[in-house]
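**Q** Sequence and predicted structure, then a few things I'm wondering about:
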Amino acid sequence: MNVRTSVVVGILAACLAGTTANAQGKLNVVTSTEDLASIARDVGGDKVNVTALAKGYQDPHFVEPKPSFILAVNRAALYIAVGRELEIGWLPPLVTSSRNAKIQPGAPGYLDASLNVRILEIPTGQITRAMGDVHPLGNPHYWLEPGNGRLIAQAVRNKLGELAPADKAYFAQRYDDFDRRLAAAEKRWDAAMAPYKGTRVVTYHRSWPNFMARFGLEVAGYVEPKPGIPPSPSHTLDLVEEMKRSGIKLIVVEPYFSLKTPQAIASQVPGGKVLVLAPSVGGVKEVTDYIQLFEYDVNLLAGALKQVTGK
Amino acid sequence: MHRRTLVSALVLLVGVTNSARVDAQTADVQALRQEIEQLRKEFETIQQQYGERLSALEARLGGQGAPAPATPDAAQQQPTVEVPPGAAGAGGPTGALPIYGSVAAASKIFNPDIAVIGNFLGAAGTNHINPSPALEMPESEASFQAIVDPYARADFFMAFGEEGVELEEGFLTLPTIPGGLLVKVGKTRAVFGKVNTLHSHQVPWTDRPLVTNNLVGGEEGIADAGISAARLITNPWIFLEATGQVYRGDAGDIFRSSTRGDLSYVGHLRAYQDLTDDTNVDLGLSYARGHNAAGVIDDVDEGRFATDLWGVDATVRWRPLQRAIYNSLLGRAELIWSRRGQFGGRERALGYYGSADYQFARRWFVGGRYDRSERAEDATLRDTGGSLVLTFWPSEFSQVRGQYRRTRYAEGEDANEFLFQFQFSIGAHGAHPF
């Protein structure tokens, strides 16, 4: 083989390598977020290759549909979306440009994880943009509730079973294991949060309704005056007054928002405290999977609540 | 009245009153008991109904031993609407679909996403060569976008201007064609460089660069009816995409088709690479060819002249993921060569621009652009210019922009202008490709 032939063969081999991700018999699964990726790994085990597009520490509303993502989606056998229009600003052009018939909406390889979970804050009346960047299909941050994580895992188990029927029992066994671990962890989290039931907190964005409802906390206000609208001075003053009047001391913030305004608010409230929680797997380094996500958030939140409530 | 009589009357009155009160209390207690009994029965009925629903739900979920999820409250109360007959045959859903938002939204099922983007422009200062009105509403874009069936989606963009309505783009996209092709059929903006692909509301300035105006057809650019096919060239190193487009051959003042065979052609090669999670580089090579209007005399193409365009574009983006909503930087340059056939020989002209846009706060952007371009018909005429731009976004759906622009035209005139723009969007406008 002469040098030119070797180069041509080498290039061809390299080009083919990009399309043989299924050579080991694994399903390529691509997810919108790292939370869905973690659940897919828990259920799919070593029968799947999982890639998440959005990082856990970035705002999932504002992901850029980069061409490198097109390549990932192009090779997917299954795409798992958060749904409820969370990805409306970036997923449709990716799916359309992917040239992948398997994962187009309605195709067997497209799974909207929101279809069978508990969705909160579904607007029932007329909605307009005067309300801010509202989600007409309900709050899309539903994965922040362990019960919903279990329902997502069931949907993933069923979908993987459809796509790889030979491994159906394997996925069922992996799901059962995930379910057991999640149930055991839930008992710990419930015990840790039990003393603080009914405590009122403020959050930056409407990311936490499922989480707070699950652990019996009440969200009494938001740093954003309306979803997606940056804090204004008048709203900030009103919030400070409300926190003082109601004895609210804790402000929960996502890692992708500036801490400037929350810290300014907390400094004006006696005993006020800002707490950065992880809204997703990968939100902070320690949070490496879905169960760790709650482990981290519950421990941090319970510690902060103990400090501010004295319980 | 005698005192004894008075006392007797009082005693009698008290007795009668007490007796009436006791009777009334007895009746009230009886009514309350009945009411409580009624409530108890209703409660038991509801409890039984919910128990049955819960059991059905558990059974539907597969009975895997998982704790029953909290009942989706909204789903319980959610109104539904029946999918019109025939939808299933077209690959659509069947049965009842939930209605989210207003119940009036039921009428919107299967309607496309509709949006309108308003673009209000103002200009102050002097420009004798290419003046624009003091105030104008040059173009409002109405978009209609939807999935057609399991195999295609359609996008329409209508430009409503002060002079009428024009189809800016209207095309069918076939994303599931075998062979890894992404095919578009209809009127599209050609994939020639970067700016030509962008709608007016997407460009980060109030205007388009001089090179676009001088060599690539200005505001309208290369936009024509035709067929486009794009294919990924898969390799382990970078994103590579090749696009080929065939058009009728009529595009603004660039291409002019006199016969059915006067088609125009556009080719584009795009290479993209993530340098880090935050930084990426995007390179493009473009070529376009079509007949021009230089040889048209009395509506007959006597000269049969053609224009060839070559383009190179480069874009560098930086956006720190964790602070993506607060900071970003985009640097971009495009070089375009034109070779225009015309009476007297071929005219070779070159033009380019370089720009940078920096987002320094959640709602604030500052940018600059340098322009230099010869004119396609006479390359000895060269225009140069520069702009400074400041943009404020009240929200994702509106923006206010001010631009100081200084242009030195080949005629020897300098134009100093302040341009301002209000853009606002209503409805559901689909996401743009990256």
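**A** Sure, I can see it.

**Q** which ones are touching the residue in the stretch 51-200 of chain A positioned nearest to chain B?
**A** Here the residue of the stretch 51-200 of chain A nearest chain B is A:A101; by CB to the nearest CB that distance is 3.6 Å. In this view, the C-beta of every residue, glycine as well, is placed from N, C-alpha and C. Neighbouring residues of A:A101 by CB atoms under 8 Å, 6 or more residues apart in numbering or on different chains: A:107, B:175-176.

**Q** Now do the phi/psi pair for it.
**A** When read as degrees, to the nearest 10, the backbone of A:A101 gives phi -70, psi -20.

**Q** And it, how far from B:Q30?
**A** 72 Å (CB to CB, to the nearest Å).

**Q** before we move on, what about B:A293?
**A** From B:A293 to B:Q30 the distance is 98 Å (CB to CB).

**Q** More neighbours: the two, which one.
**A** Of the pair B:A293 and B:Q30, B:A293 is the one with more neighbours under other CB atoms under 10 Å in any protein chain shown, namely 17 against 10.

**Q** How many residues are close by residue 233?
**A** By default, I'm working from chain A. A:P233: 8 neighbours (other CB under 10 Å).

**Q** Correction: the question concerned chain B.
**A** Residues near B:I233, counting by other CB under 10 Å: 15.

**Q** May I have the beta-bridge partners of the residue lying closest to it once chain neighbours are set aside?
**A** Using CB to CB, 6 or more residues apart in numbering or on different chains and skipping the chain neighbours, the partner closest in space to B:I233 is B:L240 (4.0 Å). Note on B:L240: beta-bridge partners by DSSP bridges are B:A271.

**Q** what's the answer for B:S338, then?
**A** With DSSP bridges as the rule, B:S338 is bridged to B:L309, B:A349.

**Q** correct me, but it touches B:L309?
**A** Yes - counting by CB atoms under 8 Å, B:S338 touches B:L309, with 5.5 Å between them.

**Q** between those two, what contacts are shared?
**A** B:L215.

**Q** ok, the one helix or strand B:G284 maps to: who's next to it in the sheet?
**A** Following DSSP states H and E, the helix or strand that holds B:G284 is strand B:279-291. If you go by DSSP bridges, strand B:279-291 pairs up with strand B:264-274 (antiparallel), strand B:306-318 (antiparallel).

**Q** Could you list the paired strands of the helix or strand just after it along with their orientation?
**A** Next helix or strand after strand B:279-291 toward the C-terminus (DSSP H and E): strand B:296-297. With DSSP bridges as the test, strand B:296-297 is paired with strand B:300-301 (antiparallel).

**Q** now the partner strand, how far from the chain's geometric center?
**A** Computed by CA atoms, centre = their mean, to the nearest Å, the chain-centroid distance of strand B:300-301 equals 40 Å.

**Q** cool, and stretch B:221-231?
**A** 19 Å.

**Q** Next: stretch B:352-366.
**A** That offset, for stretch B:352-366, works out to 20 Å (CA atoms, centre = their mean).

**Q** Buried residues, the lengthiest helix in chain A. List them.
**A** Criterion DSSP state H: the longest helix present in chain A is helix A:168-193. Neighbour counts over helix A:168-193 (16 or more other CB atoms under 10 Å in any protein chain shown) mark A:170-172, A:174-176, A:178-179, A:182, A:185-186, A:189, A:192-193 as buried.

**Q** does chain B sit close to it?
**A** Yes - counting by CB under 8 Å from any CB of the partner chain, chain B is contacted by helix A:168-193 at A:172, A:175-176, A:179, A:183.

**Q** Would you confirm that A:P231 contacts A:Q263?
**A** No - contact criterion CB under 8 Å: A:P231 and A:Q263 do not qualify, at 11.8 Å.

**Q** picking up where we left off before, following element in sequence after the longest helix of chain A, please.
**A** strand A:200-203.

**Q** and the helix or strand following that following strand, what's its mean pLDDT?
**A** Counting by DSSP H and E, the next helix or strand C-terminal to strand A:200-203 is helix A:209-214. The average pLDDT within helix A:209-214 is 97.

**Q** Then stretch B:123-138?
**A** For stretch B:123-138, the per-residue pLDDT averages 95.

**Q** again, but for stretch A:70-77
**A** pLDDT averaged over stretch A:70-77 gives 96.

**Q** how far is that stretch from where the chain is centred?
**A** The answer for stretch A:70-77 is 20 Å, by CA atoms, centre = their mean.

**Q** what about dumping the CA coordinates of that stretch to PDB?
**A** C-alpha atoms of stretch A:70-77 as PDB (Å, rounded to 0.1, in the frame of the first residue of the first chain):
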ATOM      1  CA  ILE A  70     -26.400  18.400  15.700                       C
ATOM      2  CA  LEU A  71     -23.700  15.700  15.400                       C
ATOM      3  CA  ALA A  72     -24.700  14.200  18.800                       C
ATOM      4  CA  VAL A  73     -28.500  14.200  17.900                       C
ATOM      5  CA  ASN A  74     -27.700  12.800  14.400                       C
ATOM      6  CA  ARG A  75     -26.300   9.700  16.000                       C
ATOM      7  CA  ALA A  76     -29.100   9.200  18.600                       C
ATOM      8  CA  ALA A  77     -31.300   6.200  18.700                       C
END
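
**Q** and that stretch, anywhere near chain B?
**A** Yes - using CB under 8 Å from any CB, stretch A:70-77 comes into contact with chain B via A:70-71, A:74.

**Q** Which strands or helices does the helix or strand encompassing A:G161 pack on?
**A** Using DSSP H and E, A:G161 maps to helix A:146-163. Counting contacts by 3 or more CB pairs under 8 Å, 6 or more residues apart in numbering or on different chains; DSSP states H and E, helix A:146-163 is packed against helix A:34-44, strand A:78-81, strand A:110-112, helix A:168-193, helix A:209-214.

**Q** Tell me the pLDDT of B:G218.
**A** 87.

**Q** Spell out which residues make up each domain of chain B.
**A** What automatic domain parsing lists as the domains of chain B is B:1-60, B:80-111, B:117-136+B:185-427.

**Q** re the thing from before, turn the buried residues of helix A:168-193 into a markdown table, including pLDDT.
**A** Formatted as a markdown table, the buried residues of helix A:168-193 follow (pLDDT from 0 to 100):
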| residue | pLDDT |
| --- | --- |
| A:Y170 | 98 |
| A:F171 | 98 |
| A:A172 | 98 |
| A:R174 | 98 |
| A:Y175 | 98 |
| A:D176 | 98 |
| A:F178 | 98 |
| A:D179 | 98 |
| A:L182 | 98 |
| A:A185 | 98 |
| A:E186 | 98 |
| A:W189 | 98 |
| A:A192 | 97 |
| A:M193 | 97 |
